[in-house]
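**Q** With the input below, show me the fold.
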Amino acid sequence: MLNKLRLNLTLLNTIVLVIILLAISIFLYFTMQINLANTVDRELALAAEQLNTYIDYFDDLQEGYPNDPEKDQEYNDFIQKLLNENITTVVWDEEFNVLRSSIYLQLPNNILNDLIKYTFQNDNLGGDAVSYNYDIIDLSIHTNAYANRNGELRVVQTVKNMSAEVGFLDWLFQFLIIAMVIGVTLSFVGGYILSGRTIVPIRKSIQKQQEFVANVSHELRTPIAVVLTNLDVVKSAPKEPVEDQMVWLDNAYDETKRMEKVVGDLLFLAKADAGQLNLEKEYLDLSYLITNTSERLMPLAAKKNISIYNTIDERTRLYADKMRLTQLVIILLDNAIKYSLENTTITISTKEERGLYQLRFKDQGVGIPVEDLDKVYERFYRADKARSREMGGTGLGLSIAKWIADEHDWRLEISSEAGQGTMVRLWIPRENIRMEE
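**A** Numbering: from 1, shown residues only. The predicted structure is shown next:
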């Protein structure tokens with residue numbers, strides 16, 4: 001499923017890129033084509049205007065007037081300049097006789113006749129450049145009609161060999177095609193690699209979801225089996241007094257309570273994930289809240305002769321949600337009591353460090369192996385599953401504790417070594433703390 005998703009993401013990205021590159025290529029190509037055409041049109045129009053100034057001189061020569069050497073030199077220089085720019089010229093009289101032409105200098109003579117037909121048969125006298133193709137030669141032709149001083153019609157044509165411009169456009173077209181092919185290929189390969197990285201979190205999420213479902217099934221299947229087994233024993237002896245069946249009923253009751261806790265924790269995490277839990281913060285008497293919460297857990301601590309010491313300054317006020325803070329303290333103290341050795345102490349203290357306020361829970365218990373410290377916040381994770389189950393743990397407590405800390409913008413940190421006890425630190429921004437006088 002994920003491989004198909006990966007391929008679909010890659011194809012989608014590639015298609016989008018193809019559309020973008022195609023649009024850019026079309027825009028660039030036609031923009032360049034239009035700019036070249038406009039530039040050539042302006043060049044030919046300017047050349048025609050300049051050539052028009054020699055029309056009367058050409059008529060004088062036709063009528064037998066002597067040459068003007070200075071005028072001839074000026075005209076020849078002008079024509080040479082145009083030829084250097086691949087522009088040739090033709091001047092026609094009103095009977096379509098050629099008065100002056102420079103086309104023969106660059107093009108075969110038979111083009112001249114075709115040019116006459118193309119120009120006059122198609123009524124291309126409007127002053128705009130038109131395209132004309134002769135064999136393998138591409139031309140752009142600008143035609144204008146003028147009147148000489150005697151009022152006679154004279155047609156001036158300026159012609160540019162467009163082979164260089166057409167060659168450039170062909171090169172540009174090929175370049176854009178090659179660039180698109182390379183770009184699309186690189187996009188597909190790169191997109192496939194990047195999409196593989198993109199779906200890594202999805203893959204991990206699905207894996208965690210599968211593990212979560214498996215863990216939930218396991219956590220509920222075991223107590224349900226225990227409850228059913230004990231109730232089957234009770235049902236097998238219906239005539240036995242209730243007091244004789246209490247051991248089986250107590251077992252079923254304990255497992256039912258445990259299921260209740262698992263389901264309650266799961267519902268809490270589900271609401272947390274859905275963003276349905278809101279915090280109602282206020283300044284709380286931290287020392288009093290810790291003391292009050294500790295007293296609720298004293299029966300559990302007394303079974304192992306564990307002492308809980310609260311050394312927090314009574315003036316300390318913490319800006320937090322009372323219900324969630326109490327829940328957090330219960331989770332941390334409950335874990336500390338369960339995993340502490342008998343006849344030990346649990347110390348709750350505060351400390352300022354690096355501009356932050358620390359709320360610390362220190363026990364003298366079995367500790368947590370270093371390699372497991374990064375996993376303790378995972379749902380249903382327990383370093384010693386058998387022992388945790390015996391103590392009634394569900395593996396959800398620290399996940400809930402971390403969520404509460406994160407929602408308050410605190411940082412939950414656990415440091416421990418196997419057999420050396422555990423230190424839990426809550427790093428709290430200093431602005432969340434104030435001291436009452």
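**Q** Confirm for me that Arg154 is in contact with Thr143.
**A** No: using Cβ atoms under 8 Å, Arg154 is not in contact with Thr143, being 11.5 Å away. Placement of C-beta: from N, CA and C, glycine included.
**Q** With neighbour numbers in mind, choose between those two.
**A** Thr143 (25 against 20; other Cβ atoms under 10 Å).
**Q** wait, is the more buried one part of a helix?
**A** No: under DSSP: H, G, I helix; E, B strand; the rest coil, Thr143 sits outside any helix and is assigned strand.
**Q** so it sits right up against Gln157, yeah?
**A** Yes: using Cβ under 8 Å, Thr143 is in contact with Gln157, at 5.0 Å.
**Q** ok, Phe173 to Ser163 distance?
**A** 15 Å (Cβ to Cβ, to the nearest Å).
**Q** Please apply the same query to Ile224.
**A** Taken as Cβ to Cβ, the span from Ile224 to Ser163 is 88 Å.
**Q** Just the element for Ser294, please.
**A** helix 286-302 (DSSP states H and E).
**Q** That helix packs against which elements?
**A** strand 307-310, strand 316-321, helix 322-339, strand 345-353 (3 or more Cβ pairs under 8 Å, 6 or more residues apart in numbering; DSSP states H and E).
**Q** That helix vs helix 322-339, what angle?
**A** For helix 286-302 against helix 322-339, the angle by axes from the mean of the first three to the mean of the last three Cα atoms, to 10 degrees is 30 degrees.
**Q** ok, residues contacting helix 286-302?
**A** Applying Cβ atoms under 8 Å, 6 or more residues apart in numbering, the external contacts of helix 286-302 come out as 307-308, 310, 312-314, 316-318, 322, 325-326, 329-330, 333-334, 337-338, 346, 348, 350, 359.
**Q** Strand 345-353 and that helix, what's the angle between them?
**A** Using the same axes, to 10 degrees: helix 286-302 against strand 345-353 is 150 degrees.
**Q** Return the distance of helix 286-302 from the chain's centre.
**A** 48 Å (Cα atoms, centre = their mean, to the nearest Å).
**Q** and if you look at stretch 67-78?
**A** Using Cα atoms, centre = their mean, the offset of stretch 67-78 from its chain centre is 69 Å.
**Q** contacting residues around it?
**A** 50-51, 54, 57, 61.
**Q** Stretch 167-176 now?
**A** For stretch 167-176, contacts defined as Cβ under 8 Å, 6+ apart pick out 25, 28-29, 32-33, 36.
**Q** mind giving me a markdown table with those and columns for secondary structure?
**A** Converted to a markdown table, the contacts of stretch 167-176 look like this (three-state DSSP):
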| residue | secondary structure |
| --- | --- |
| Ser25 | helix |
| Leu28 | helix |
| Tyr29 | helix |
| Met32 | helix |
| Gln33 | helix |
| Leu36 | helix |
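**Q** Buried only: go through the residues you listed for me.
**A** When the contacts of stretch 167-176 are checked for burial by 16 or more other Cβ atoms under 10 Å, the buried set is 25, 33, 36.
**Q** in what helix or strand does the nearest residue to the second one once chain neighbours are set aside lie?
**A** Nearest non-adjacent residue to Gln33, counting by Cβ to Cβ, 6 or more residues apart in numbering: Leu169, 5.9 Å away. Counting by DSSP H and E, the secondary-structure element that holds Leu169 is helix 163-236.
**Q** returning to that earlier point: return the closest of the buried ones among the contacts of stretch 167-176 with respect to Ile177.
**A** Closest approach to Ile177 among the buried ones among the contacts of stretch 167-176 (Cβ to Cβ): Ser25, at 7.9 Å.
**Q** ok, now which ones touch that closest one?
**A** Going by Cβ under 8 Å, 6+ apart, the list of residues near Ser25 reads 176-177, 179-180.
**Q** what's the most distant pair in the residues you listed?
**A** Ile177 and Ala179 (7.3 Å).
**Q** domains of the chain?
**A** For the chain, automatic domain parsing gives the domain ranges 2-170, 281-435.
**Q** can you list those domains in a markdown table and add mean pLDDT and distance to Ser217?
**A** Output for the domains of the chain, formatted as a markdown table (pLDDT from 0 to 100; distance: least, Cβ to Cβ, whole Å):
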| stretch | mean pLDDT | distance to Ser217 |
| --- | --- | --- |
| domain 2-170 | 75 | 23 |
| domain 281-435 | 86 | 11 |
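**Q** Could you identify which of those is most buried?
**A** domain 281-435 (a mean of 17; mean count of other Cβ atoms under 10 Å).
**Q** nearest residue to the most centrally placed residue in the chain other than its sequence neighbours?
**A** Among the residues of the chain, Thr198 comes closest to the average C-alpha position under Cα atoms, centre = their mean, at 9.4 Å. Excluding the flanking residues, the one nearest Thr198 by Cβ to Cβ, 6+ apart is Leu9, at 6.9 Å.
**Q** now the helix or strand harbouring that neighbour and helix 163-236, what's the angle there?
**A** Using DSSP H and E, the secondary-structure element containing Leu9 is helix 2-52. Going by the same axes, to 10 degrees, helix 2-52 is angled at 160 degrees with respect to helix 163-236.
**Q** Any idea how far the next helix or strand after helix 2-52 is from the middle of the chain?
**A** Sequence-wise, the next helix or strand downstream of helix 2-52 (DSSP H and E) is helix 55-62. The chain centre lies 73 Å from the centre of helix 55-62; the measure is Cα atoms, centre = their mean.
**Q** Equivalent analysis for stretch 331-348, please.
**A** On Cα atoms, centre = their mean, the centre of stretch 331-348 falls 46 Å from that of its chain.
**Q** I appreciate the help and will end here.
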